[in-house]
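Asks: what follows is a predicted structure for the sequence shown.
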Amino acid sequence: MTAIRFISGGLIWVCLAPLFYSAMSVSAKLAGVRLSVWHIGVGRFGLGLLVIPIIVKALRLNLWGQQRFLLTMRGLCGAVAFLLLVASFQKIPLSLAMILFYLYPAFTALLSPWVTGEPTAKIAWPFICGAFIGISLILWPHEASGAMNPGHLFAVTASVLCALTLLLVRRLGRQNNIYTLFFYLCLTGTLGSLGPLLLQELPLLPEHTASWIGVAAVAVFSIGAQLSINQALVRIPAPKVSVMMTAEVPLVACFGVLYLGEPLSWRLIIGALLIFGCGTGLNFLPGKSTPN
């Protein structure tokens, strides 16, 4: 009975996480029209940095946690992944950025044996290869290759860092509470965004009400998303959580195509189906026991 409750609780959190992340990504895309990456970064991470210590104190938990070096690395990877993803939103269509970013289930499966000790099944390799064929199809030089820009690289790099983040959360979640994990993300993200924000030529504070609303939306949805996925990761293996998160792809891509009027091509559609389909297929593979 306890095991059933444990698993069902993880499924609830892993279903909530993509909804929150979808709302956060859309908010970041819309806010990026008027704001810099650093505005959005400080807004997202700054609110968490203020709120989490209060929650931790009220619950009488340990804020600083154990394995602080790994906690800092997890925070750094997660913060840079978010900032790169927001930067990609400003350079390429939202739908394309999310499709490239969602290669991270494949990267998670590749890196899992080294980071968490959870082996990747041999049957997973065709799905991993299929996902990379999908990205090759999307980015392979063709008649529109002149439109390639750093946004594509930002999205793929964010994907790799996201995979590392998820695996570190899975590993660190055995000894640390979810609020500590989120605190380190907010701490490194705020420090990493604040310096460039002070040095940029744009105004330090948003000048329009819509900009403030956008930053607030990113920050609020971020807290819900991060706490949800952290709750899921301490209950369910990281490769399966990362694949379940692919539900964000159609949600965000549909918003980009239907609301923002972003273009579709046969390469993008087939590549997206390969990435999404192979990622989903990984979720149905039998798991292996985790070494101590």
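Replies: Happy to help now that I have it. Source: prediction; values computed, not measured.
Asks: helices of the stretch 51-200 of the chain, residue ranges please.
Replies: Applying DSSP state H, counting those that start in this stretch to the stretch 51-200 of the chain gives helices spanning 68-89, 94-101, 104-115, 125-139, 150-172, 178-199.
Asks: tabulate these (CSV), appending mean neighbour count.
Replies: Bear in mind the C-beta positions are built from the backbone N, C-alpha and C, glycine included. Formatted as CSV, the helices of the stretch 51-200 of the chain follow (neighbours: other CB atoms under 10 Å):
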stretch, mean neighbour count
helix 68-89, 22
helix 94-101, 26
helix 104-115, 22
helix 125-139, 18
helix 150-172, 23
helix 178-199, 20
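Asks: any buried residues in stretch 27-34, and which?
Replies: Within stretch 27-34, the residues that count as buried by 16 or more other CB atoms under 10 Å are S27, A28, K29, L30, A31, G32.
Asks: contacting residues around it?
Replies: 39-40, 44, 85-86, 89-90, 94, 206-208, 210-211, 214-215, 217-218, 221, 256, 260 (CB atoms under 8 Å, 6 or more residues apart in numbering).
Asks: if any of those residues are buried, give me the PyMOL selection for them.
Replies: Entered in PyMOL, the line below selects the buried ones among the contacts of stretch 27-34, by 16+ other CB under 10 Å:
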select buried, resi 39+40+44+85+86+89+90+94+206+211+214+215+217+218+221+256
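Asks: mind checking the SS state of F255?
Replies: Secondary structure assignment for F255 (DSSP: H, G, I helix; E, B strand; the rest coil): helix.
Asks: looking at the buried residues of stretch 27-34, which are in helices?
Replies: S27, A28, K29, L30, A31 (DSSP state H).
Asks: show me where pLDDT drops low in the stretch 101-250 of the chain?
Replies: Low-confidence regions of the stretch 101-250 of the chain, defined by pLDDT under 70, span residues 141-147, 238-240, 242-243.
Asks: what about 80?
Replies: By pLDDT under 80, the weakly predicted segments of the stretch 101-250 of the chain are 105, 116-121, 139-148, 170, 226-227, 230, 233-247.
Asks: quick check: the gap between the residue nearest the centre of the chain and P105.
Replies: By CA atoms, centre = their mean, the chain has its centre lying nearest to C162, at 5.4 Å. Separation of C162 from P105 (CB to CB, to the nearest Å): 10 Å.
Asks: re earlier: wait, which of the buried residues of stretch 27-34 is closest to W114?
Replies: When these are ranked by distance to W114 (CB to CB), A28 comes first, at 30.4 Å.
Asks: for L181, see how far away the closest one is.
Replies: Here the criterion is CB to CB. By it, A28 lies 21 Å from L181.
Asks: which non-adjacent residue is nearest P237?
Replies: Nearest non-adjacent residue to P237, counting by CB to CB, 6 or more residues apart in numbering: E118, 5.6 Å away.
Asks: so Q90 makes contact with V37?
Replies: Yes - counting by CB atoms under 8 Å, Q90 touches V37, with 7.2 Å between them.
Asks: follow-up on the earlier one: next up, the contacts around the residue nearest to the centre of the chain.
Replies: Applying CB under 8 Å, 6+ apart to C162 gives the contacts C77, G78, A81, F101, Y104, F107.
Asks: distance to Q200 added to those residues, as TSV?
Replies: Shown next, in TSV, are the contacts of C162 (distance: CB to CB, whole Å):
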residue	distance to Q200
C77	24
G78	22
A81	21
F101	24
Y104	29
F107	31
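Asks: tell me the one among the residues you listed nearest to W266.
Replies: For the contacts of C162, the closest approach to W266 (CB to CB) belongs to F101, at 20.9 Å.
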